[in-house]
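Asker: Mind folding the following:
(2 chains)
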Amino acid sequence: MEKLFANVPVRQLAKGQILIYEGDTIQSIFFLVSGYVKVSNILVNGARRTIFIYAPGDAFPLTSFLSGIGVARYFYETITDVEVKVMPHKKLQSLIQGDLKTGEELIAYTYNLNEQFIDRIEMLSERSARHKVAALLAYLSDKTGAPHGDKIRLKIPLTSQSIADMCSLTRETASMQIIQLRKDGVISGTRFLNVDQARLKKLVNS
Amino acid sequence: MAKADKYKTYFNPAGFVEQQFIGTQTPESVLASVEDLIKWSKKLKSKQQPALFLVDVTQVPKIDISSKMAHVRQRAVKAMTSAEYDRVAIYGNVAVQILVNTLVLIAGKRHKIRVFSNRVDALSWLKETA
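Answerer: Prediction:
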């Protein structure tokens, strides 16, 4: 993926910027050099639900582009300051044309992303609030975590509201779960949480 | 399941060739299905009839993107580039859409081959030419 964007200049964008709105015609493909981007939609009750997080090395919205839909199905918003490379989709199309090897890499990458999306949707239908938050922490550890002593530190700042948005819970319920997870020693820290993987694994499998 | 049971190709009286895939596919079954489409396109073109194809992949439970299917994808791209046809409309789930559409982009045939999520949209586009 990086090779495809090698000659594209890097742009710096601030946290909280919406890069793509739901329903936008896909004109460009973004490659994330640093920082994180969340993918969300708005539920019928008006609540916002975060479905996915893109991390450095990811490109989007490739699924919508390669599936031929041509229209974004979600909102894409920076949740940290980011560095991105932006390529017009027609340029990407011309790079793929006649290049089976690159095409194969794109198929594998996009297929894998699609599987991750499906996993996240399944997580959102977990049976209890506790399991939803635990599944989210496992997902974020994998996607945004870095070793920090014997724990994993999440590189994106989390609040009760952002956890609620990522789990389809109310802020109050998310808050209660966070308090309990702290008591159980699964998480520690404030904005950037540290996650005890062994305890989290036990909880996820319970 | 024998190769012949994994897909069916037939002429739909509505004026196009229809191909339906059933169940998990193998490299052999997909290659055979591509050859079927090529034979049909030659037959239709020799009769100076429009070569329109509707392909239903909705009954395939899992798409195999592993390396054992690489030569099949390569053959599919070659067929997309070299065969004589007017339009091909394919419909299936998102994984099918990603796979086929990427192959279409590689072949540079987006004006002739389109992928859809459902039969109605696929038929609607296919019949635009009629």
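
Asker: pLDDT wise, what is the residue in chain A sticking out farthest from the centre at?
Answerer: The C-alpha centroid of chain A is most remote from residue A:98, which lies 31.1 Å away (Cα atoms, centre = their mean). pLDDT, residue A:98: 92.

Asker: and the gap between it and chain B?
Answerer: Applying Cβ to the nearest Cβ, to the nearest Å, the value for residue A:98 to chain B is 7 Å. For glycine as for every other residue, the C-beta is placed from the backbone atoms N, C-alpha and C.

Asker: That residue and residue B:108 touch, don't they?
Answerer: Yes. Here residue A:98 reaches residue B:108: they are 6.9 Å apart, a contact under Cβ atoms under 8 Å.

Asker: picking up where we left off before, okay, and the residue farthest from the centre of chain A sits in which element?
Answerer: For residue A:98, there is no host helix or strand (DSSP states H and E).

Asker: can you list the residues of chain A near chain B?
Answerer: Contact residues, chain A versus chain B (Cβ under 8 Å from any Cβ of the partner chain): A:63, A:66-69, A:93, A:96-100, A:103-104, A:106-108, A:110-111, A:114.

Asker: What segments of the chain are helices?
Answerer: No chain specified, so I'll use chain A. Assigned by DSSP state H, the helices in chain A fall at A:62-66, A:89-96, A:100-124, A:129-144, A:160-167, A:171-183, A:197-205.

Asker: should've been chain B
Answerer: For chain B, the helices defined by DSSP H occupy B:3-6, B:27-46, B:70-82, B:94-107, B:119-127.

Asker: Name the nearest residue to residue A:147, ignoring sequence neighbours.
Answerer: Nearest non-adjacent residue to residue A:147, counting by Cβ to Cβ, 6 or more residues apart in numbering or on different chains: residue A:153, 7.7 Å away.

Asker: Show me what the one you found bridges to in the sheet.
Answerer: Bridge pairing for residue A:153 (DSSP bridges) gives the partners residue A:146, residue A:194.

Asker: Can you verify my assumption that it contacts residue A:192?
Answerer: Yes. With contact defined as Cβ under 8 Å, residue A:153 counts as touching residue A:192 (5.8 Å).
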